[in-house]
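A.B. asks: quick one, structure for this:
(chains A and B)
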Amino acid sequence: MVSISHILLLSTALFFIGMYGLFTRRNMIAMLMSIELILNSININFVAFNKYLWPGRLDGIFFTIFIITIAAAEAAIAIAIIINLYRSQLSIDAEDATELKY
Amino acid sequence: MNYAQFTALLLLLPLASFTVLGIWGRKYIRQASGIIGTTVLLVITALSLYAAYSYFLVDGQTNGTYQPIIALQLPWLQFGYQQLSIDMGILLDPISVMMLVVISVVSLMVHIFSLGYMKDEERYSTYFAFLSLFTFSMLGLVISVNIFQIYMFWELVGVSSYLLIGFFFTKPSAVAASKKAFIVTRFADLGFLIGILILGIQCGTLDFMSIIERLTNPQSEAYIGMTSTGFLGLSSLTWALILVFMGGAGKSAMFPLHIWLPDAMEGPTPVSALIHAATMVVAGVYLVARLFPVFQLDEIAQNIVAWTGATSALFAAIIATTQTDIKRVLAYSTMSQIGYMMFALGVSGYGGEAGLGFTASMFHLFTHAFFKSLLFLGAGAVIHYAHSNDMLHMGGLRKYMPVTHATFLLACLAIAGVPPLSGFFSKEEILLAAWQGNKAIYFIALGTAGLTAFYMFRLYFMIFWQRDKHYHSDHGEAPFSMKLPLLVLGALTVGTGFIPFAQWVSSDGKPFETALHLDFSAAPIAMVVAGIGLAYSFYRKENDKPARLSAALGSLYRSAYNKFYIDELYLFVTHKIIFRFIGRPAAWADRNLVDGTVNGLATSTENAAGAIKGWQSGKVQHYALYFFGGVLVLAFLFIYLWK
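C.D. replies: Next up is the predicted model:
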């Protein structure tokens, strides 16, 4: 039987994997992917809470779909930024974009 | 005819002419600008004469008294609830209408003269634009209904005077002179402004008519308030009048604020004729005359006016006998004659025969404007011919310049006070008023009359007689445009003395009769004859009498020649005392305290920024880490501390 704590463990693991990736990778695409992992861990939480705590309602599922939509939009914008960055810096390394540093 | 319409035109026309000539004159209508300016002035002169005709002869009088007419009044600034309202308007009364005529006629003559005199100037159209500006400001000054309005136009004439003195701005001396004129008169105007404020606060109005009405009524709140409060032993009424008079003294070049007038002669000569002889410099006299019903209430203020005038008259006449620059002699003579007008006001009583001094002062203002501008324009013609300002370089000019010679002689006789020229009548009235009012001032004035005759004829003989100098002039005496004003002003110099002035202008508006007293006139005429005779024996032909006399007088002559060192005194006070003991500490405070505070703020901001700028590393991950840390802290707060 899969209990809610299993699912929360999974989502927590996923969240920190995403966090680790975000903090350690310098490649911006990898960072973007890590952010997707974080978002998905949240989605899992929403679905799990909806199913185990308020089975008769749909709010958690709505939120999940909402977040997926936002994540798609965010990915599109982020990739556009990355492409522009690549055009000007010839690199997608986050450390190379230092033009606006003090 | 409706006064509001045509008196408003008096102001709008020169303003329009100034705008048009100022904006488009240089590029598009350079040649026509002189004609445009002169035509506008011709219209203004016609309007002024019409105003004088309809005021004095048709509808100025009610029950035998000339009443002021408010031709136009527009509310302009209103402070508080019905407390203080500053109105702009047009006031016609005997003195303002008389001034309208003086200003427009002299200005017209100067415009015509300038057509020839300034013909070859690069900034010909600018010059006419400035003349229009001056005419506008001066007309606005005399028709003011309100002491604040007069102050605004007062400053405007100051600006136009500044612009015209510095017209030849490539000459450093002209620049210095224009600055000096502006600063000295501004300094005097500071007093004027404070005086206006005191009057305004105490009377609750700035309107001339209301001020006079309230202050001449001893029961009124304003009068009681002004006479019961005081400072340093003088009542606030006295203070207000003295301060207002200080502004007038600055503008009218009264001792000791006269230092700008001789230097102002750096401007073009027609400008000196208009501004520094006939119109602007009498603004101070006009101001005192405008507030005369109030001045005559206060003995101290009136004595100050009288003694300042008398001192200036004598002081300037003494200096004038030693100067050799034509225009400077005329400048000191102007100062001396304005001194006459001032002390005439100072010794005058109010109403009827007692107000003789007031009438005499205005009469002298009127006649002096014509003969003094004639003298200046004549001097302009002489300078035009001889290419020099210094009368040591001149002599024998009567053969080359017959018209100038004849008119100049007329003006010299008039200013000296030889009957039956206009100056005789007005000066005679002033002397009579002084005799009735204050004997000491009468004797000063009598001595000054002799000196006046002496220095004017010294000037006349040195220019037009004596030995011929070499003139390398490639033109004749002067073009017609320069001779015409001389002839017109010459005719006015002869004719204006016969105007029954007391019929029209008097302190309370009621006409009275003046008569010549032959026995009284004997002493002044004797002084004048002595002065002319002395000048004749000294300067008719070159001889060593002047040199011997000046050597005999020694230090007195030297100090008069150096204008009694007043300029040096001012320089000493400003440079050595004010600059050193006030300017330097103020500069130190500015640099160290004021700038120090601002700079200190900037420096500490910069240091703080330097300390924390490392936080903005430019690494996205750092920002994400800070963000995550922040979320953790908030989560902690929400979970454990937010009950």
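A.B. asks: may I have the longest strand seen in chain B exported as PDB, CA atoms only?
C.D. replies: Longest strand in chain B, counting residues (DSSP state E): strand B:69-79. The C-alpha atoms that make up strand B:69-79 are tabulated as PDB, following Å, rounded to 0.1, in the frame of the first residue of the first chain:
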ATOM      1  CA  ILE B  69      -8.600 109.200 -12.900                       C
ATOM      2  CA  ILE B  70      -8.200 105.500 -12.700                       C
ATOM      3  CA  ALA B  71      -8.400 104.600 -16.400                       C
ATOM      4  CA  LEU B  72      -8.000 100.900 -16.000                       C
ATOM      5  CA  GLN B  73      -7.700  98.600 -13.100                       C
ATOM      6  CA  LEU B  74      -7.300  94.800 -13.200                       C
ATOM      7  CA  PRO B  75      -6.900  92.600 -10.200                       C
ATOM      8  CA  TRP B  76      -3.700  90.700 -10.500                       C
ATOM      9  CA  LEU B  77      -2.600  89.000  -7.300                       C
ATOM     10  CA  GLN B  78      -4.900  88.400  -4.400                       C
ATOM     11  CA  PHE B  79      -3.700  87.200  -1.100                       C
END
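A.B. asks: just give me the residue closest to the centre of chain B.
C.D. replies: Nearest residue to the geometric centre of chain B (Cα atoms, centre = their mean): B:Val281, 2.7 Å.
A.B. asks: list the contacts of it.
C.D. replies: Taking Cβ atoms under 8 Å, 6 or more residues apart in numbering or on different chains, we find B:Val281 in contact with B:Lys251, B:Ser252, B:Ala253, B:Leu261, B:Ile275, B:Thr334, B:Ile338. In short, each C-beta sits where N, CA and C put it, glycine included.
A.B. asks: and of those residues, the nearest to chain A?
C.D. replies: B:Lys251 (60.6 Å; Cβ to the nearest Cβ).
A.B. asks: for A:Ala48, give its distance to chain B.
C.D. replies: Here the criterion is Cβ to the nearest Cβ, to the nearest Å. By it, A:Ala48 lies 19 Å from chain B.
A.B. asks: could you tell me whether that residue really is in a helix?
C.D. replies: Yes: assessed with DSSP: H, G, I helix; E, B strand; the rest coil, A:Ala48 lies in a helix.
A.B. asks: count of neighbours near it?
C.D. replies: Neighbour count of A:Ala48, defined by other Cβ atoms under 10 Å in any protein chain shown: 20.
A.B. asks: pop out the phi and psi values for the residue of the stretch 101-250 of chain B found nearest chain A.
C.D. replies: Closest to chain A within the stretch 101-250 of chain B is B:Lys179: 49.3 Å, counting by Cβ to the nearest Cβ. Dihedral angles of B:Lys179 (phi, psi; degrees, to the nearest 10) stand at phi -60, psi -40.
A.B. asks: in contact with it, which residues?
C.D. replies: B:Tyr162, B:Gly166.
A.B. asks: what about whatever residue of the stretch 251-400 of chain B ends up closest to chain A, neighbour count?
C.D. replies: Per Cβ to the nearest Cβ, B:Trp260 is where the stretch 251-400 of chain B lies closest to chain A, at 57.8 Å. Close neighbours of B:Trp260, defined as other Cβ under 10 Å, add up to 25.
A.B. asks: quick check, pLDDT for it.
C.D. replies: For B:Trp260, the pLDDT comes out at 87.
A.B. asks: ok, it touching B:Ala253?
C.D. replies: Yes: between B:Trp260 and B:Ala253 a contact is recorded at 6.9 Å, counting by Cβ atoms under 8 Å.
A.B. asks: pLDDT averaged over the one helix or strand B:Cys412 maps to - what is it?
C.D. replies: Assessed by DSSP states H and E, B:Cys412 sits inside helix B:402-416. Helix B:402-416 shows a mean pLDDT of 88.
A.B. asks: tell me what the next helix or strand after that helix is packed against?
C.D. replies: Sequence order places helix B:422-437 as the next helix or strand after helix B:402-416, per DSSP H and E. Packing partners of helix B:422-437 (3 or more Cβ pairs under 8 Å, 6 or more residues apart in numbering or on different chains; DSSP states H and E): helix B:326-347, helix B:356-386, helix B:402-416, helix B:439-464, helix B:480-495, helix B:518-539.
A.B. asks: please redo it, this time with the cut-off set to 7 Å
C.D. replies: Counting contacts by 3 or more Cβ pairs under 7 Å, 6 or more residues apart in numbering or on different chains; DSSP states H and E, helix B:422-437 packs against helix B:326-347, helix B:356-386, helix B:402-416, helix B:439-464, helix B:518-539.
A.B. asks: let me have these in TSV, adding mean neighbour count and distance to chain A as columns.
C.D. replies: Converted to TSV, those look like this (neighbours: other Cβ atoms under 10 Å in any protein chain shown; distance: least, Cβ to the nearest Cβ, whole Å):
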stretch	mean neighbour count	distance to chain A
helix B:326-347	28	67
helix B:356-386	28	70
helix B:402-416	24	79
helix B:439-464	23	77
helix B:518-539	17	84
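A.B. asks: give me the below-cutoff pLDDT ranges for chain B.
C.D. replies: B:1-2, B:80-83, B:470-475 (pLDDT under 70).
A.B. asks: what does it put close to chain A?
C.D. replies: Contact residues, chain B versus chain A (Cβ under 7 Å from any Cβ of the partner chain): B:Lys613, B:Gln616, B:Gly618, B:Lys619, B:Val620, B:Gln621, B:Ala624, B:Leu625.
A.B. asks: quick check: phi and psi on B:Ser220?
C.D. replies: Per degrees, to the nearest 10, the backbone of B:Ser220 is at phi -70, psi 150.
A.B. asks: strands of the stretch 151-300 of chain B, residue ranges please.
C.D. replies: In the stretch 151-300 of chain B, the segments counted as strands under DSSP state E, counting those that start in this stretch are B:230-231, B:234-235.
A.B. asks: tell me the most buried of these?
C.D. replies: Mean neighbour count (mean count of other Cβ atoms under 10 Å in any protein chain shown) peaks for strand B:234-235 among those, with a mean of 16.
A.B. asks: ok, residues contacting that one?
C.D. replies: Contacting residues not belonging to strand B:234-235 are listed as B:Met226, B:Thr227, B:Thr229, B:Ile300 [Cβ atoms under 7 Å, 6 or more residues apart in numbering or on different chains].
A.B. asks: hmm, try it at 10 Å
C.D. replies: Strand B:234-235 is contacted by residues B:Gly225, B:Met226, B:Thr227, B:Ser228, B:Thr229, B:Ala240, B:Leu241, B:Ile242, B:Asp298, B:Ile300, B:Ala301 when judged by Cβ atoms under 10 Å, 6 or more residues apart in numbering or on different chains.
A.B. asks: now list the buried members of those.
C.D. replies: B:Gly225, B:Met226, B:Thr227, B:Ala240, B:Leu241, B:Ile242, B:Asp298, B:Ala301 (16 or more other Cβ atoms under 10 Å in any protein chain shown).
A.B. asks: which of those residues fall in helices?
C.D. replies: B:Gly225, B:Met226, B:Thr227, B:Ala240, B:Leu241, B:Ile242, B:Ala301 (DSSP state H).
A.B. asks: quick one: the first one from B:Thr238, how far?
C.D. replies: I take that to be B:Gly225. For B:Gly225, the distance to B:Thr238 equals 13 Å [Cβ to Cβ, to the nearest Å].
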